[in-house]
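>>> Build the 3D model from these lines:
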Amino acid sequence: MTNVIVERKERADTVAALLKRLEDREARIAIMGLGYVGLPLAAAVHNANLEVLGFDIDDSKISRLQAGLSPVGTVPDEIVREMAKSGRFQATSDAARLSDADVIIICVPTPLDRHRNPDLSYIVKTAETIKPVLRRGQMVVLESTTYPGTTDEVVKPILETSGLSVGTDFLLAYSPEREDPGNPQFETATIPRVVGADEEASRRAAELLYRQIVKNVMLVSSTRAAEAVKLTENIFRSVNIALVNELKLIYGKMGVNIWEVIEGAKTKPFGYMPFYPGPGLGGHCIPIDPFYLTWKAREYDVPTRFIELAGEVNTRAPREVVAALSEALGRRSRKSVNGARILLIGLAYKKNVDDMRESPALVILEDLEARGATVEFYDPFIPTVPMTREHAPLAGRESVSWAADVLQGFDAALICTDHDDIDYQQLVDNVPIVADARNATRDIVRNRDRIVQV
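Residues are numbered from 1 along each chain as shown. Take a look at the predicted model:
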């Protein structure tokens, strides 16, 4: 009995020691995954004057960071150099070093497989990596977007096979990442955070951690509630974007400009929030996250018809844009897509970033080429197409240069991404048909008759 009491006290002491280190701002933070979520978070932790260890299995990414170069366009090189110079940031691919951290934050991808089912392999592999180095007095936080139940049904069991228990030996929490790449109004430290855990010590520790990194923190009662928060945010966006994409088609048939309608509707100061149509959904969140909930809902025999319908509308959007461009070519120049030279403006999924994840422009490019078009692209943020899992044949293709004589060689241009640093007037002056899926040409005056809203 005495040994049991001593062990319980030792366990309580290790948790208390972690809380004390967090309260004293002495906790060492490890971040696993140094991509579009993990690296901005590492910068925010560093800016909070905390010690941060960045971990990634990609040795080339680690080498770039160690050389003071950022592997992510949304984090400038100078910030990486400042982090390294301070001595509070180190990058490594050595998993053994994770045992030195007080807190381990998981920021790895959660894609869909080819059947549109959740692919948790990155989370599973990361938890398996942590397991052999996990020690008493540590906290693990999952930030990757996923379905309710992932933290306690997937991560927790793997970590507990180490022989340690959540709540007594180590702590476990979930806090969904919130990033808006390319938006200068928000950064990691200024975006409020939701934090959830399944017992009090983990909630308290997670709250202490995030209040040091971000300005506002909201606690919820469980990891499942926090996981559901993230899905709800992105399903809300998916459904509303699907709605305006459908309205665009309806109003277009009526000769009504959807962009003008939205501008009018958003003057209402209550009961309306503007969403905008486009060539399809991109990025890691909105095209993927709703399917995590529809998959999990099957376990409870609950249909998700509304969410799935929105997914169908948004998935169909790139094909609708191609059809509209094809119709414009035939009507205005009596040309077919087959044999036409088409320039895509922008491959990034949103403006002013170099992020191509799930970009509808890639689907459009492949669709146009399948119809016999010769397609090239211009993107000031993406000089060369990187390797992607679903569009591997496009890897290595290079952006054309921006010049009047280059533009004049195309039969049509299609604006997929409305980057700010593009001369849209020059585009319209030199290409006979400009199909605009982003309303980027709204202020163009000269040669407006060449513009087609798609």
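>>> contacting residues around the spatially most central residue of the chain?
By CA atoms, centre = their mean, the chain has its centre lying nearest to H284, at 3.8 Å. H284 sits next to 36, 109, 111, 145, 357-358 when contact means CB atoms under 8 Å, 6 or more residues apart in numbering. (Each C-beta comes from the backbone N, C-alpha and C, glycine too.)
>>> do that again at 7 Å, thanks
Residues near H284 by CB atoms under 7 Å, 6 or more residues apart in numbering: 109, 357-358.
>>> which of those residues tops the neighbour count?
Compared across these, E358 has the highest neighbour count, 21 neighbours, by other CB atoms under 10 Å.
>>> Now that one: which helix or strand?
Of the helices and strands defined by DSSP states H and E, none includes E358.
>>> quick one: pLDDT of it?
We have a pLDDT of 89 for E358.
>>> Quickly note the distance from it to G282.
5 Å (CB to CB, to the nearest Å).
>>> so what's in contact with the two at the same time?
Y349.
>>> quick one on the thing from earlier: is it true that the residue nearest to the centre of the chain lies in a strand?
No - membership of H284 in a strand is not supported by DSSP: H, G, I helix; E, B strand; the rest coil, which gives coil.
>>> picking that back up, can I get the contacts of H284 in TSV with distance to P290?
Converted to TSV, these look like this (distance: CB to CB, whole Å):
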residue	distance to P290
P109	16
R357	16
E358	13
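>>> which among those gets closest to T129?
Distances from T129 to the contacts of H284, taken as CB to CB, are shortest for P109 (14.7 Å).
>>> Test my guess that the closest one contacts L120.
No - with contacts counted by CB atoms under 7 Å, P109 stays clear of L120, the gap being 10.1 Å.
>>> which residues in the stretch 1-150 of the chain form helices?
Listed in chain order, the helices of the stretch 1-150 of the chain (DSSP state H, counting those that start in this stretch) span 2-23, 38-47, 59-66, 77-86, 121-130, 150.
>>> The shortest one: how far from the chain's middle?
The chain centroid and the centroid of helix 150 are separated by 19 Å, computed with CA atoms, centre = their mean, to the nearest Å.
>>> Also the fifth one?
In terms of CA atoms, centre = their mean, the gap separating the centre of helix 121-130 from the centre of its chain is 20 Å.
>>> what's the pLDDT at the residue nearest to the centre of the chain?
73.
>>> Can you pull out the low-pLDDT segments for this protein?
Filtered on pLDDT under 70, the chain yields the residue ranges 1-12.
>>> So which elements touch the helix ranked longest in it?
Longest helix in the chain, counting residues (DSSP state H): helix 223-253. Helix 223-253 is packed against strand 171-174, strand 193-196, helix 258-265, helix 289-299, helix 305-333, with contacts defined by 3 or more CB pairs under 7 Å, 6 or more residues apart in numbering; DSSP states H and E.
>>> one step back: which one of the contacts of H284 sits closest to L209?
Looking across the contacts of H284 and measuring by CB to CB, the closest to L209 is P109, at 22.5 Å.
>>> what separates the closest one from S63, distance-wise?
21 Å.
>>> Assign a three-state SS to V406, would you?
V406 ends up helix, using three-state DSSP.
>>> OK, contacts around it?
Applying CB under 7 Å, 6+ apart to V406 gives the contacts V400.
>>> Please apply the same query to V239.
V239 is in contact with 306, 310, counting by CB under 7 Å, 6+ apart.
>>> Please repeat the previous calculation with a cut-off of 8 Å.
306-307, 310.
>>> Reformat those residues as a markdown table; add neighbour count and distance to A435.
Shown next, in a markdown table, are the contacts of V239 (neighbours: other CB atoms under 10 Å; distance: CB to CB, whole Å):
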| residue | neighbour count | distance to A435 |
| --- | --- | --- |
| F306 | 12 | 30 |
| I307 | 20 | 30 |
| A310 | 24 | 24 |
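>>> ok, those residues vs R442, which is closest?
Out of these, the member with the shortest distance to R442 (by CB to CB) is A310, at 26.2 Å.
>>> and the closest residue to the closest one other than its chain neighbours, how far is that from R357?
In space, and not counting its chain neighbours, A310 is closest to A242: 3.8 Å by CB to CB, 6 or more residues apart in numbering. Relative to R357, A242 is positioned 19 Å away (CB to CB).
>>> Report the spatially nearest residue to T384, omitting neighbours in sequence.
E398 (5.3 Å).
>>> check contacts around that neighbour.
Counting by CB under 8 Å, 6+ apart, E398 has contacts 383-385.
>>> and if you look at F381?
Neighbour list for F381: 73, 348, 352-354, 419 [criterion: CB under 8 Å, 6+ apart].
>>> What strand or helix carries it?
According to DSSP H and E, F381 maps onto no helix or strand at all.
>>> Next one: it from A228, what distance?
As defined by CB to CB, F381 lies at a distance of 33 Å from A228.
>>> Over to V214?
Relative to A228, and taking CB to CB, V214 is found at 20 Å.
>>> go on, V454?
Distance, V454 to A228, by CB to CB: 36 Å.
>>> Contact partners for the closest residue to P111 other than its chain neighbours?
Counting by CB to CB, 6+ apart, P111 lies nearest to D119, which is 4.9 Å off, once chain neighbours are set aside. Counting by CB under 8 Å, 6+ apart, D119 touches 110-113.
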